[in-house]
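Participant: Below: sequence and its predicted model.
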Amino acid sequence: MGILQDKTCIVTGAAGSLGLASVRRFVAEGARVMMVDRDRDALNAALKSLPEGRATAMLADVASAKDTAAYVSATVARWGPIDVLFSNAGISGVVRPVTDYPEDVFDQVLAVNLKGSFLACKHGLPAMRDGGSIVMTASVVGVTSDPGIAAYAASKHGLIGLMRTVAKEAAGRRIRVNAVAPGPIDNGFQRDIEKGLTQALGTDGGKFLDSVIPLHRHATAEEVAESVLFLASERSAFTTGSVLMADGGMHV
């Protein structure tokens, strides 16, 4: 029997590399998963790669209260109360000095990365089973920062504050609330960030990041998904309000 056997889970940003890697681990451990994303084709492809009947999918904008309420309601209607909510959807924005940072991009990054998790908690908590788990995807730049990433860093710092607040609010129901904070992951999302970093630095952004990570490499999505699984499961039964750094030591 898996450590998430017959648990009902929601994963946002489920078609991306960390989201899908986490869905696969959840399903492998016996969970039933509602996959939420904005990319219809990627969701359909992801569903085809999973065992039949263990996952379903729904298109949603996580920054929309209406869409959030809809994916929560659809999950409960299909499988009952929610046991695990993994608020993972996120966007990176651009790499620009704060004086040149586009205001509309700043607003969009905070809407997806921070408001999306706020809405997930606002609508998800009332539908959760007591003793459940909420996991949010923060970032190493939720506890550090670098030039050019004002929106992304602000959103991830804010997300950690949100997590800590909700952890205290939900503790009376034994619902644990934690964040996983990845460093660079070897995926398309990170490569997009590194294009801007390469332009800003005038040297290869990926190689530069490897040079400042003590383990000298990017993570795989599967490695970080193991941290997510730990926080989602009863293996972290006495852990709440915490930030699990999955960054190869980059924040040290």
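Facilitator: Great, that's in hand.

Participant: from here on, contacts and neighbour counts on C-alpha atoms
Facilitator: Fine.

Participant: which residues does the spatially closest residue to Met35 that is not a sequence neighbour contact?
Facilitator: Ranked by Cα to Cα, 6 or more residues apart in numbering and with sequence neighbours excluded, the top spatial neighbour of Met35 is Ala57, at 4.4 Å. Ala57 makes contact with Met34, Met35, Val36, Asp37, Leu43, Asn44, Leu47 under the criterion Cα atoms under 8 Å, 6 or more residues apart in numbering.

Participant: Okay, and which of these map to helices?
Facilitator: Judged by DSSP state H, the subset of the contacts of Ala57 located in helices is Leu43, Asn44, Leu47.

Participant: wait, the first one sits on Ala15?
Facilitator: Yes - the pair Leu43 and Ala15 qualifies as a contact (Cα atoms under 8 Å) at a distance of 5.5 Å.

Participant: Pull up the overlap in contacts between these two.
Facilitator: With Cα under 8 Å, 6+ apart as the test, Leu43 and Ala15 both reach Met35, Asp37.

Participant: Comparing these two, which residue is more hemmed in?
Facilitator: A direct count of neighbours by other Cα atoms under 10 Å for Leu43 and Ala15 places Ala15 higher, at 26 against 22.

Participant: tell me which element the more buried one is part of?
Facilitator: Using DSSP states H and E, Ala15 maps to neither a helix nor a strand.

Participant: In the protein, which helix is the longest?
Facilitator: Determined from DSSP H, the single longest helix within the chain is helix 150-170.

Participant: Keeping just the C-alphas, turn that one into CSV.
Facilitator: Provided in CSV are the C-alpha atoms of helix 150-170 (Å, rounded to 0.1, in the frame of the first residue of the first chain):
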residue,chain,number,x,y,z
ALA,A,150,12.1,41.8,-8.6
ALA,A,151,8.7,40.3,-9.4
TYR,A,152,9.7,36.6,-9.1
ALA,A,153,11.6,37.1,-5.8
ALA,A,154,8.9,39.3,-4.3
SER,A,155,6.2,36.7,-5.2
LYS,A,156,8.2,33.9,-3.6
HIS,A,157,9.1,35.9,-0.5
GLY,A,158,5.4,36.7,-0.2
LEU,A,159,4.4,33.1,-0.7
ILE,A,160,6.5,32.0,2.3
GLY,A,161,4.8,34.6,4.4
LEU,A,162,1.4,33.3,3.2
MET,A,163,2.4,29.7,4.0
ARG,A,164,3.5,30.6,7.5
THR,A,165,0.2,32.4,8.1
VAL,A,166,-2.0,29.6,6.8
ALA,A,167,0.0,27.1,8.7
LYS,A,168,-1.0,28.8,12.0
GLU,A,169,-4.6,29.2,10.9
ALA,A,170,-5.0,25.6,9.8
